[in-house]
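Q: sequence first, predicted model second:
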Amino acid sequence: MSTTTFSGPVKAGNIFNTTGTTLSENVSNQGQATMVQVAAVEEGSDDPSWTGIVIPAHSQITRMAVLVTTAFANQLNVGRSDSVSTDINYFLAAAIVNAVGLVEAGTKVANGATAGSSWKDTGVLDVQLTYNSSTGGLDPGVGILIVEYIQNNNLVA
Amino acid sequence: MAPVNPHAETYQGKTQFSGPVRAGTRWDGPNADYVGLGVAANPIAVNKLANAGYVVCSQSAALDQVFSNTTASDIVLPAGSMIISMQVICTKVFSVGTGAQDVLRIVTRPTESGYEQINDDAAGTMDMDAIGVYNFTPGASGTRASVWKNVNNSANYTAGDDVDIRYDSDVAGDGRAILTISYIPGLNL
């Protein structure tokens, strides 16, 4: 399957700019496409390990989930590593992934202590996501990390 | 009756691609070479890596309450797609028949061994007993999780074939719902 790639962000709506106050006529109604990247995470990998997911600077994380295909023996952290710092639980802390299925962050999964700000704006630089479990080594857990985000949303609130 | 887009006249044109549509400021990089490698022993500058993600695709279909898992929805997923979420908006409560439940099953097309249900089949997880929004999951099934990971991971399914989504209930009735499946097309995990 071929791929169509843009620098983005991708926006859609039939009124591009606000030039007045009349809805459906001259008030912009464009929305931004939600982006997604996924990566395999294996409990037996070194701690922490790279995911291969790189989120563009100033993006807003809107969803994280783990599709667990083989249950983990330990909890899962999702962090970051970039030229600023390395944090093993910057986005998710102690995710409970000990059963097969879809685990949503924010319901069964605790976010990191800084998740409120890290999800709102990923920062001034691109960030590569990392992951680790509490012990690493020989444990069997396997899953797919799903990260949905709005590219370069640059929220300030 | 087929669902009608109330903005059909407004949106006379559409921008369509074969997709997948990706966006990011760096399109190519050795990301795959680093997946699963330890951070400490394998340093890499983030600006050497691609940061393009996939645009989330979704398809929606209006469903009625039928007792036949050969009932096709309007949803057809491209081969190799990954399902990332499945939402049902129940707009009319499903009827309960004698000895039957008000369930909504989402299945792939018939296979040699029957039908492949892709939403959780645990009791209570697929009941359409109240109007509202339901988030379906694969439940605690490795088989269903595998199908979410790649829709062609279904029994007797041929790799490279598109996958059509079907549905049924335990009994025919008055229930109505909107199914929305979000997915990444052609990811082929």
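A: In hand now; what should we look at?
Q: tell me the helix or strand right after the helix or strand of chain A with the lowest mean pLDDT.
A: When the helices and strands of chain A are scored by mean pLDDT, DSSP states H and E, helix A:115-120 comes last with a mean of 73. Sequence-wise, the next helix or strand downstream of helix A:115-120 (DSSP states H and E) is strand A:127-133.
Q: any low-confidence regions in chain A?
A: Across chain A, the ranges flagged by pLDDT under 70 are A:1, A:82-85, A:107-116, A:134-137, A:157.
Q: swap in 80 and give it another go.
A: Chain A contains residues with pLDDT under 80 at A:1-2, A:46-47, A:82-86, A:106-117, A:134-138, A:155-157.
Q: got the residue ranges for the strands in it?
A: A:4-6, A:11-12, A:31-32, A:35-42, A:49-55, A:60-70, A:76-81, A:86-95, A:101-104, A:127-133, A:142-150 (DSSP state E).
Q: and for chain B?
A: Ranges of strands in chain B, per DSSP E, are B:21-23, B:53-55, B:57-64, B:71-77, B:82-92, B:105-108, B:132-136, B:163-168, B:176-184.
Q: let me see the contact set for residue A:63.
A: Taking Cβ atoms under 8 Å, 6 or more residues apart in numbering or on different chains, we find residue A:63 in contact with A:104, A:105, A:146, A:147, A:148. C-beta coordinates here come from the backbone N, C-alpha and C atoms, glycine included.
Q: try residue B:159
A: Counted by Cβ under 8 Å, 6+ apart, residue B:159 has contacts B:79, B:80, B:152.
Q: so which of those reach chain A?
A: residue B:80 (Cβ under 8 Å from any Cβ of the partner chain).
Q: any stretches of chain B with poor pLDDT?
A: Along chain B, the model assigns pLDDT under 80 to residues B:1-15, B:19, B:68-70, B:97-101, B:109-115, B:154-159.
Q: now find how far off-centre stretch B:102-120 is within its chain.
A: On the basis of Cα atoms, centre = their mean, to the nearest Å, stretch B:102-120 sits 12 Å off its chain's mean C-alpha point.
Q: for it, buried residues please.
A: B:102-109, B:115-120 (16 or more other Cβ atoms under 10 Å in any protein chain shown).
Q: again, but for stretch B:139-157
A: Across stretch B:139-157, burial judged by 16+ other Cβ under 10 Å covers B:139, B:141, B:144-154, B:157.
Q: what of stretch B:166-183?
A: In stretch B:166-183, counting by 16+ other Cβ under 10 Å, buried: B:166-171, B:173, B:175-177, B:179, B:181-183.
Q: try stretch B:31-40
A: Across stretch B:31-40, burial judged by 16+ other Cβ under 10 Å covers B:31, B:34, B:35, B:36, B:38, B:39.
Q: distance of the first one from residue A:11?
A: Between residue B:31 and residue A:11 the distance is 25 Å, computed by Cβ to Cβ, to the nearest Å.
Q: give the contact list for residue B:135.
A: Per Cβ under 8 Å, 6+ apart, neighbours of residue B:135: A:104, B:85, B:86, B:87, B:88.
Q: kindly apply the preceding question to residue B:187 instead.
A: A:38, B:20, B:54, B:80, B:81, B:82, B:150.
Q: burial check on residue A:20, number of neighbours?
A: By other Cβ atoms under 10 Å in any protein chain shown, 8 other residues sit near residue A:20.
Q: swap in residue A:97?
A: 28.
Q: one more: residue A:7?
A: Counted with other Cβ under 10 Å, residues neighbouring residue A:7 total 14.
Q: excluding its backbone neighbours, what's nearest it?
A: Residue nearest to residue A:7 in three dimensions, not counting chain neighbours: residue B:25, with 5.3 Å by Cβ to Cβ, 6 or more residues apart in numbering or on different chains.
Q: go ahead and confirm the one you found touches residue B:51.
A: Yes. Using Cβ atoms under 8 Å, residue B:25 is in contact with residue B:51, at 6.1 Å.
Q: identify the bridge partners of residue B:166.
A: Note on residue B:166: beta-bridge partners by DSSP bridges are residue B:72, residue B:107.
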